[in-house]
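Engineer: build me a model:
(one chain, ligands or ions: 1)
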Amino acid sequence: MTSLSSSTTLAERQSNPQRPLVTLRGIQKSFGPTHVLKGVNFTVRPGQIHALLGGNGAGKSTMIRVITGEIRANAGDLHLQASHGGDPKVAVVYQELALIPDLTVAENIALVHAPSGFALKRQAQAALIAEEALSLIDPHLARTALFRKAGDLSMHEGQIVEIARALSTGAEVLLLDEPTANLTAAETEQLFAVLKGLAKDKGIGIVFVSHRMKEIRQLCDVCTIIRDGKTAIDARPIGMLTDAAIIQEMGQPAHRAEAQIARNDGQPVVATLTGPTIQHPIQRGTILGLAGAPEGPAHVISSLIGHGRHRDWCMTGDGWGNAPTSPRDAVAQGIGFVSGDRATKGVLAQLPIIDNVLASRRVRERRLFVGQNERSECAGLMQALKVKAGSAWDRPGTLSGGNQQKLLVARWLGLPLKMVVFEEPTRGVDIGTKRDMYALIRQMAEEGTIVVWWSTENVELLELCHEILAFDTEGQPKGFLPADRFDEDALAELTGMAA
Ligand SMILES: Nc1ncnc2c1ncn2[C@@H]1O[C@H](COP(=O)(O)OP(=O)(O)OP(=O)(O)O)[C@@H](O)[C@H]1O
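Structural biologist: Presented below is the predicted three-dimensional model:
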């Protein structure tokens, strides 16, 4: 089924940009009874940055796995056109990190250059390769992180290391499956400059999977839209499609209304947020956004839920009691939490979807036995967030990335919580569902829950929150931006990052 050709050189590819590097025609793929790809077409051309779009579960990651050879299609043609004979080098960055935690950053990067283990023996050479790769997108990390264990990196640092590793392989096709979900605005901008350079100067074909419309428009030339396992739009110039048209082609409902300024006027002050240099009153039902360099928001979150070693922030007030000593203690005090690291700290991989969705309810209500109503309770929560799954008894691992993320958020919906803390909760979630999620979060806030929402996507913070606590590039708090001063430039200025 797969045909390989090795007839062109890099110079030829650049002078003949029409010749595709990857061609998929009529590709079909099923997992057991689940028919995922129902005849998709897709073409990756040299020098082109191609957005691969579609709702959660549409089949994008499955297509990527077919291209890399990780899985075989059941039918259709996959044609790969290398420049120097044999397979073209294809590098992938997945949503979930794939670094080896016990190896250093340098070793992790150098491994892809010498899978035989040479990298481990020749530390100095490994460090050189890694430093060069990392300097492309993060010179600071290149200077400071080479000999740190990958397992000690933050999600955000790990993501940068992975991208650097993929870029350094000299691949002719780069597949990026939501690579910016953990990056700050400044890092994203830096990454985009590197990607544009690779496409323009080296004729690399880049596939970019993302649910962030602003980034898609900043970076991509053309887009292909997958809808329910079929190609709905094939390599159309992105400028020819409005956001509304893209959302419609993905089969998602149009926006209900333009974003409005979030208001929480007249609500009583129910708590005080205190940090090293800040004391701030928090009204009932406030949706408080956290923005800026990750260290700042990360410290606030670990203090508020009693996780990790940082305890320099706290929420105090009538009925707030002592600061939680652990996430379990936080839940007992009526504080919910969605971790940004869904793979290791969120999804209960060995338990079925229903247990994942109902976990917090069972703990809060001290349910010992599976209740009669649980099936419909779970179905209701899954429906509210449009979770695409075969059955509530399937393992979460059979779901697409965005659908796994929805399980974590569903856990806390509608619970009478004092506060809920979200760490990058819409990571990998498609545009239509993000809006549904905002509406459900607003509803929780209207019922009195304080919501703390950390996102690296500034447009999201500006759409959802009542106020935003901004941190500078050193992770120091710079101040609160109220809703009536919301503006991308103002937020970029406070955080010291480009909008
Ligand atoms: N190993 C598997 N077994 C069963 N079903 C699977 C398996 N892998 C993927 N699927 C199903 O295939 C469908 C497509 O998943 P895929 O990960 O390709 O979607 P996606 O478009 O990348 O979504 P997202 O935007 O959420 O990442 C999903 O409904 C998923 O449940």
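Engineer: for Pro20, list the residues it contacts.
Structural biologist: Contacts for Pro20 (C-beta atoms under 8 Å, 6 or more residues apart in numbering) come out as 43-45, 79, 81, 205. No exception for glycine: its C-beta is placed from N, CA and C like everyone else's.
Engineer: identify, from the residues you listed, the entry nearest to the ligand.
Structural biologist: The ligand lies nearest to Val44 out of the contacts of Pro20, by C-beta to the nearest ligand atom, at 16.5 Å.
Engineer: show me what that closest one is bridged to.
Structural biologist: Beta-bridge partners recorded for Val44 (DSSP bridges): Val22.
Engineer: pLDDT check: weakest of the contacts of Pro20?
Structural biologist: Confidence by pLDDT is poorest for Gln81 among these, given 81.
Engineer: run through the bridge partners of that one.
Structural biologist: Here Gln81, judged by DSSP bridges, has bridge partners Ser5.
Engineer: okay, now it: neighbour count?
Structural biologist: Around Gln81 there are 24 other residues, counting by other C-beta atoms under 10 Å.
Engineer: how about Ala323?
Structural biologist: 17.
Engineer: give me the element it is part of.
Structural biologist: If you go by DSSP states H and E, Ala323 is not part of any helix or strand.
Engineer: can you pull the contacts of it?
Structural biologist: So Ala323 contacts 303-304, 306, 311, 314-315 (C-beta under 8 Å, 6+ apart).
Engineer: and it, how close does it get to the ligand?
Structural biologist: 35 Å (C-beta to the nearest ligand atom, to the nearest Å).
Engineer: circling back to that earlier point, quick check on the contacts of Ala323: which are buried?
Structural biologist: 303-304, 306, 314-315 (16 or more other C-beta atoms under 10 Å).
Engineer: which of those residues sits closest to the ligand?
Structural biologist: The closest of the buried ones among the contacts of Ala323, once distances to the ligand are taken by C-beta to the nearest ligand atom, is Leu304, at 28.2 Å.
Engineer: I'd say that closest one and Gln333 touch.
Structural biologist: No - Leu304 sits out of contact with Gln333 when judged by C-beta atoms under 8 Å, with a separation of 10.6 Å.
Engineer: mutual contacts of those two, please.
Structural biologist: With C-beta under 8 Å, 6+ apart as the test, Leu304 and Gln333 both reach Pro324.
Engineer: give me every residue in the stretch 251-400 of the chain lying close to the ligand.
Structural biologist: Taking C-beta under 6 Å from any ligand atom as the contact definition, the stretch 251-400 of the chain meets the ligand at 388, 398-400.
Engineer: give me that answer again for 8 Å
Structural biologist: 388-390, 394, 397-400 (C-beta under 8 Å from any ligand atom).
Engineer: ok so, going back, quick one, which of the contacts of Ala323 has the minimum pLDDT?
Structural biologist: Arg311 (81).
Engineer: a helix runs through it, doesn't it?
Structural biologist: No - looking at Arg311 with DSSP: H, G, I helix; E, B strand; the rest coil, it is coil, so not inside a helix.
Engineer: that one - nearest residue in space that isn't next to it in sequence?
Structural biologist: Ser303 (5.2 Å; C-beta to C-beta, 6 or more residues apart in numbering).
Engineer: beyond the strand or helix carrying the one you found, next helix or strand please.
Structural biologist: Using DSSP H and E, Ser303 sits within helix 295-305. With elements assigned by DSSP H and E, the helix or strand that comes after helix 295-305 is strand 314-316.
Engineer: show residues contacting that following strand.
Structural biologist: Strand 314-316 has contacts (C-beta under 8 Å, 6+ apart) with 271-274, 282, 303-304, 323, 419, 450.
Engineer: kindly recompute the last result at 6 Å.
Structural biologist: 271-274, 323 (C-beta atoms under 6 Å, 6 or more residues apart in numbering).
Engineer: rewinding a little: of the residues of the stretch 251-400 of the chain next to the ligand, which is the nearest to the ligand?
Structural biologist: Closest to the ligand, out of all of those and judged by C-beta to the nearest ligand atom, is Ser400, at 3.2 Å.
Engineer: name the nearest residue to that closest one, sequence neighbours excluded.
Structural biologist: Gly57 (4.4 Å).
Engineer: my guess is the one you found contacts Lys388, does it?
Structural biologist: Yes - the pair Gly57 / Lys388 is scored as a contact, 3.7 Å apart, by C-beta atoms under 6 Å.
Engineer: tell me which parts of the stretch 51-200 of the chain are close to the ligand?
Structural biologist: 54-65, 95, 177-178.
Engineer: rerun at 6 Å
Structural biologist: 54, 56-62.
Engineer: can you list the residues you listed in JSON lines and add neighbour count?
Structural biologist: Converted to JSON lines, these look like this (neighbours: other C-beta atoms under 10 Å):
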{"residue": "Gly54", "neighbour count": "29"}
{"residue": "Asn56", "neighbour count": "26"}
{"residue": "Gly57", "neighbour count": "22"}
{"residue": "Ala58", "neighbour count": "27"}
{"residue": "Gly59", "neighbour count": "25"}
{"residue": "Lys60", "neighbour count": "26"}
{"residue": "Ser61", "neighbour count": "23"}
{"residue": "Thr62", "neighbour count": "22"}
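Engineer: which two among the residues of the stretch 251-400 of the chain next to the ligand are spaced furthest apart?
Structural biologist: Within these, Lys388 and Gly397 form the most distant pair, 14.2 Å apart (C-beta to C-beta).
Engineer: with neighbour numbers in mind, choose between those two.
Structural biologist: Legend: neighbour count by other C-beta under 10 Å for Lys388 and Gly397, higher for Lys388 (18 against 9).
Engineer: for the particular helix or strand that has Ala271 in it, what is the average pLDDT?
Structural biologist: Using DSSP H and E, Ala271 falls within strand 269-275. The pLDDT scores in strand 269-275 average 93.
Engineer: burial check on Gly346, number of neighbours?
Structural biologist: Count around Gly346 with other C-beta under 10 Å applied: 21.
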